[in-house]
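Colleague: Here's a sequence, model it:
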Amino acid sequence: MTPTLIARDLRKDYPMNGETVHALRGVSLRVDSGDYAAIVGPSGSGKSTLLQLLGGIDTPTAGAVELSGTRLDALSDRELTRLRLTRLGFVFQRFHLLPVLTARENVELPMAEAGVRGPERRVRARELLDYVGLAQRENHRATQLSGGEMQRVAIARALANRPAVVLADEPTGELDAATGREILDLFLRLNRDGTTLVVVTHDDRLAAEAGRVIHMLDGAIRD
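Modeller: Numbering: from 1, shown residues only. Okay, the predicted model is just below:
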């Protein structure tokens, strides 16, 4: 298998009240193309910190992350921003849609930032909204959508620039059980269709359906 993400001996320390908090303690991880990995563990175990480092949102105190052979720490701020935009997709617990934009416009936004032309953006956005079952809602603003619909739009947005991997942080955390089940089914479909997924979750159902489960405790992988 071809490695998509590689983390080598990641450490992340934070100063707090005159002391040092060791959020990650030497985490190494490989994610291959086509993987569906769920990162689980109690609150404070380092799950979200690890996801932020894998996505280049934060920088490690020590260690390195590679995406498709490119070391993130070797990139300038501008290059890293471009990589996050074009090679990574992000899905968050609270959706982070722009309320003044329609569903289609929210999906188009990362493509616009990447320089994709308007007609191509609109076609791609409509295809993705159809893929996630929201073709009929493309002209509804985010404030007119249910929680499950907003998360579907967020997933479509994450796929807009055809990323190498999608990183998701508690994607069912704001949803009721039935709506969360719909998102889990969508994640399974995404992975069957070839999307590489790394998901932080407290949802036992998601963990049970992922191809790999990575257990974290006290800033380290405990598998």
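
Colleague: State the helix or strand in which residue 81 lies.
Modeller: helix 77-87 (DSSP states H and E).

Colleague: tell me what the helix or strand following that helix is packed against?
Modeller: Using DSSP H and E, the helix or strand that follows helix 77-87 in sequence is strand 88-91. With contacts taken as 3 or more Cβ pairs under 8 Å, 6 or more residues apart in numbering; DSSP states H and E, strand 88-91 sits against helix 147-159, strand 165-169. From N, CA and C alone the C-beta is placed, and that goes for glycine too.

Colleague: Name the residues that touch strand 88-91?
Modeller: Under the criterion Cβ atoms under 8 Å, 6 or more residues apart in numbering, residues 55-56, 67, 84, 151, 154-155, 157-161, 163-169, 171 lie in contact with strand 88-91.

Colleague: now stretch 132-149
Modeller: Residues external to stretch 132-149 that are found in contact with it (Cβ under 8 Å, 6+ apart): 95, 97-104, 106, 125-126, 129, 150, 152-153, 155-156, 174-176, 179, 182-183, 186.

Colleague: how much space between residue 167 and residue 182?
Modeller: Distance from residue 167 to residue 182, counting by Cβ to Cβ, to the nearest Å: 20 Å.

Colleague: For those two, indicate the residue with more neighbours.
Modeller: Set side by side, residue 167 and residue 182 show more neighbours around residue 167, with 27 against 17, by other Cβ atoms under 10 Å.

Colleague: residue contacts, that one?
Modeller: 51, 54, 55, 88, 89, 90, 91, 198, 199.

Colleague: partners of the last one in the sheet?
Modeller: Under DSSP bridges, the beta-bridge partners of residue 199 are residue 38, residue 168.
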